[in-house]
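Chemist: Need a 3D model of the following:
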Amino acid sequence: MNRFIRPVKNNRSFWPAALAAILILSAAWPAAAGEVIRVAAMGDVMLGTENMLPEDGGAGSFAAVRPLLADRDVVFCNYEGTLTDRGEPTKVFKDGYAYIFRTPPSYARFLAEAGVNMVSIANNHINDYGPIGKQDTIDTLTRAGIAWSGPPDTAARLTVRGLRVAMIAFHTSSHSHWMLDIPEAKRMVGDLARQNEIVIVSFHGGMEGSEAVRTPRAMEYYHGEKRGEVVRFSRAMIEAGADLVLGHGPHVPRAAEVYRGRLIAYSLGNFCTGKGINVKGVTGYAPLLLAELDARGRLTGGRVVSFLQDFGRHPHSDTMDSAVKLMYDLGRQDFPRSNALRPDGGLKPAPVKKAKR
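Modeler: This is a model prediction of the structure:
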């Protein structure tokens with residue numbers, strides 16, 4: 001007999017104690033091997049701004065997409081603007097116009113009713129109406145039961161069937177977690193990874209416009225402003241412990257890749273932006289990302305579903321599958337060895353490593 005194993009002889013206290021230990025361990029590890037975390041992610045959302053609100057008062061904003069969100073554990077978007085009826089514009093008007101967005105706080109209920117429960121406010125529009133508008137947005141989301149991240153030292157947190165899920169949002173400005181400081185971003189994500197089972201990173205970065213569909217491996221600029229090295233940043237976040245990286249900011253879809261078994265979507269474009277944002281051509285392609293992760297955060301499946309936006313019209317189903325076709329083709333060009341999409345929009349599961357004999 002192995003000298004480190006001793007038989008238990010007629011020990012009545014052993015089995016109850018052993019059973020209790022098993023039950024405790026089971027409760028402490030709620031995610032079984034087959035557990036799946038279902039994530040839905042949209043890009044930029046702005047439900048309408050003053051003087052350009054939707055005719056239906058915003059009630060139909062997510063009508064076409066709500067059936068696809070009903071069974072999701074995490075529903076994410078970047079809110080590109082403010083939810084406030086106060087504050088003064090902080091941007092300079094040119095020829096009587098400026099890209100500033102102020103949505104009535106009451107519209108937050110349309111996010112909540114659609115199932116949105118995680119929001120990034122790390123973008124270049126959260127300060128459109130100054131500190132008051134920003135704080136009103138935070139307070140409005142909180143009252144609606146929507147977790148948010150953006151300002152320094154904030155993270156959105158959910159619990160999904162006993163799994164702790166955290167999301168941290170980055171942008172290329174000092175009012176948010178700073179995307180340009182990659183070593184510090186890695187430290188923050190590493191800290192979250194040690195405290196949570198699933199970590200999602202959101203970033204608002206990259207060049208903007210219809211010419212920005214490609215994903216370069218270099219620093220990007222827009223009107224002279226640094227908009228980040230999105231590939232370097234995203235891969236560094238995975239290396240630090242992130243399980244899913246969701247990009248937005250270029251206002252067009254970009255490629256997605258599987259890196260170290262985790263999914264990176266480099267831009268989800270516009271999704272529901274009313275009349276305030278240009279939606280001509282590829283800027284009107286509105287992909288909905290439906291990803292499935294295992295309890296360790298590895299990609300197990302999912303798909304991209306194509307929607308379209310037209311000026312003044314809520315997102316609607318795209319029978320031509322334009323967003324999927326574009327993202328698949330971009331993946332073939334920009335990430336030929338790690339393209340996350342199949343031609344039909346299905347997501348390629350992370351490869352399963354074979355156990356060594």
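Chemist: can you pull out the helices in the stretch 1-150 of the chain?
Modeler: With DSSP state H, counting those that start in this stretch applied, the stretch 1-150 of the chain shows helices at 14-28, 66-69, 108-114, 130-143, listed in chain order.
Chemist: quick one: average pLDDT of the longest one?
Modeler: Per-residue pLDDT over helix 14-28 has a mean of 44.
Chemist: same thing with the shortest one?
Modeler: Averaging the model's pLDDT scores along helix 66-69 yields 98.
Chemist: Just name whatever secondary elements that helix is in contact with.
Modeler: Helices and strands touching helix 66-69, by 3 or more C-beta pairs under 8 Å, 6 or more residues apart in numbering; DSSP states H and E, are helix 108-114. Every residue, glycine included, has its C-beta placed from N, CA and C.
Chemist: Restrict stretch 226-236 to CA atoms and write it as PDB.
Modeler: Output in PDB follows, covering the C-alpha atoms of stretch 226-236 (Å, rounded to 0.1, in the frame of the first residue of the first chain):
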ATOM      1  CA  LYS A 226      -4.200  59.700 -31.900                       C
ATOM      2  CA  ARG A 227      -6.900  57.000 -32.000                       C
ATOM      3  CA  GLY A 228      -4.900  54.100 -30.800                       C
ATOM      4  CA  GLU A 229      -3.000  51.000 -32.100                       C
ATOM      5  CA  VAL A 230      -6.100  48.800 -32.000                       C
ATOM      6  CA  VAL A 231      -4.500  45.400 -32.800                       C
ATOM      7  CA  ARG A 232      -1.600  45.900 -30.300                       C
ATOM      8  CA  PHE A 233      -4.000  47.100 -27.700                       C
ATOM      9  CA  SER A 234      -6.600  44.300 -28.200                       C
ATOM     10  CA  ARG A 235      -4.100  41.500 -28.200                       C
ATOM     11  CA  ALA A 236      -2.400  42.900 -25.100                       C
END
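Chemist: so how far is it off the chain centroid?
Modeler: Averaged C-alpha coordinates place stretch 226-236 at 16 Å from its chain's average position (C-alpha atoms, centre = their mean, to the nearest Å).
Chemist: Can you pull out the low-pLDDT segments for the protein?
Modeler: Low-confidence segments of the chain (pLDDT under 70): 1-34, 95-97, 354-357.
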